[in-house]
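**Q** I'll drop the sequence and a predicted model, then ask my questions.
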Amino acid sequence: MPSVTIDGHTDDGYIYGRAGSPSDARATASIWNATASIYVGQDRVQGGSTVDYYCYRGYVLFDTSVLPAGAVVTDARLSLQVTADYSDTDFDVQVFRFAWANPMSDLNREANYDAAGAVYEGIWRNTAGIALDTYYQSPALDITGINLAGYTKYQLRSSRDVDAIDPTGQEQIVLWSAEQAGRKPKL
């Protein structure tokens, strides 16, 4: 059976939380961004006597209903490219299957950020030694999560975010989104 690659959909992006404490930044969404890039990770920004913490979670989706009728999925892998690496501290980029609501709005942003019911799929890769503008492919994802009748959606999170480890500086990467021809996320 032929291999099929599906490009990411342009409703992708990222949500970040910003607060005076890392736990508050991880708990409360601040802004949704649907831009040419997707941030994943955490950050600690010192501005004089003030410290702000940021937590970035990425969102990608694929229109898997384009697969032919009767298609049998035997393997699924997520391919992403990094456009910037701001990680002073390396981390695993974890993939969660999550039917987040799209399009994003102020009404669903917090629920999408919290990702209740998300299913852990595995690690896309660690940020150590990551090269820019190179596709990296995840290990096999759970094929039972591929939605043949609509969109297959994933949330991307830092392992340090998931484990509630506070950032001491910059620890985020920036991925290309589906708005970038030739650099789109792929499934």
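**A** Here it is on my side, so go on. The structure presented is a predicted model; accordingly, all values stated were derived computationally and were not measured. Residues are numbered from 1 along each chain as shown.

**Q** use CA for all of it now, contacts and neighbours both
**A** Will do.

**Q** what residues of the lengthiest strand in the chain count as buried?
**A** When the chain is scanned for its longest strand (criterion: DSSP state E), the result is strand 50-63. Neighbour counts over strand 50-63 (16 or more other C-alpha atoms under 10 Å) mark Tyr53, Tyr54, Cys55, Tyr56, Arg57, Gly58, Tyr59, Val60, Leu61, Phe62, Asp63 as buried.

**Q** so the fourth one makes contact with Tyr39?
**A** Yes - taking C-alpha atoms under 8 Å as the contact criterion, Tyr56 and Tyr39 are neighbours in contact, 5.7 Å apart.

**Q** quick check: neighbours shared by those two?
**A** Common neighbours of Tyr56 and Tyr39, using C-alpha atoms under 8 Å, 6 or more residues apart in numbering, are Tyr14, Gln172.

**Q** adjacent strands (with direction) for the helix or strand of the chain with the lowest mean pLDDT?
**A** The weakest-scoring helix or strand in the chain, judged by mean pLDDT, DSSP states H and E, is strand 31-33 (a mean of 92). Strand pairing for strand 31-33, determined by DSSP bridges: strand 13-19 (antiparallel).

**Q** can I get the partner strand in CSV, CA atoms only?
**A** Taking Å, rounded to 0.1, in the frame of the first residue of the first chain, the C-alpha atoms of strand 13-19 are listed here in CSV:
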residue,chain,number,x,y,z
GLY,A,13,-0.4,27.7,16.3
TYR,A,14,0.4,28.0,20.0
ILE,A,15,-1.1,29.2,23.3
TYR,A,16,1.0,30.7,26.0
GLY,A,17,0.5,31.4,29.6
ARG,A,18,2.3,34.4,31.2
ALA,A,19,2.3,35.1,35.0
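
**Q** relative to strand 50-63, how tilted is it?
**A** Angle, strand 13-19 to strand 50-63, by axes from the mean of the first three to the mean of the last three C-alpha atoms, to 10 degrees: 160 degrees.

**Q** just how off-centre is strand 13-19 within its chain?
**A** Distance of strand 13-19 from its chain centroid, counting by C-alpha atoms, centre = their mean, to the nearest Å, is 11 Å.

**Q** stretch 34-44 now?
**A** Its chain's C-alpha centre and that of stretch 34-44 lie 9 Å apart, by C-alpha atoms, centre = their mean.

**Q** now do the longest strand of the chain: which elements does it pack against?
**A** strand 13-19, helix 22-27, strand 37-47, strand 151-158 (3 or more C-alpha pairs under 8 Å, 6 or more residues apart in numbering; DSSP states H and E).
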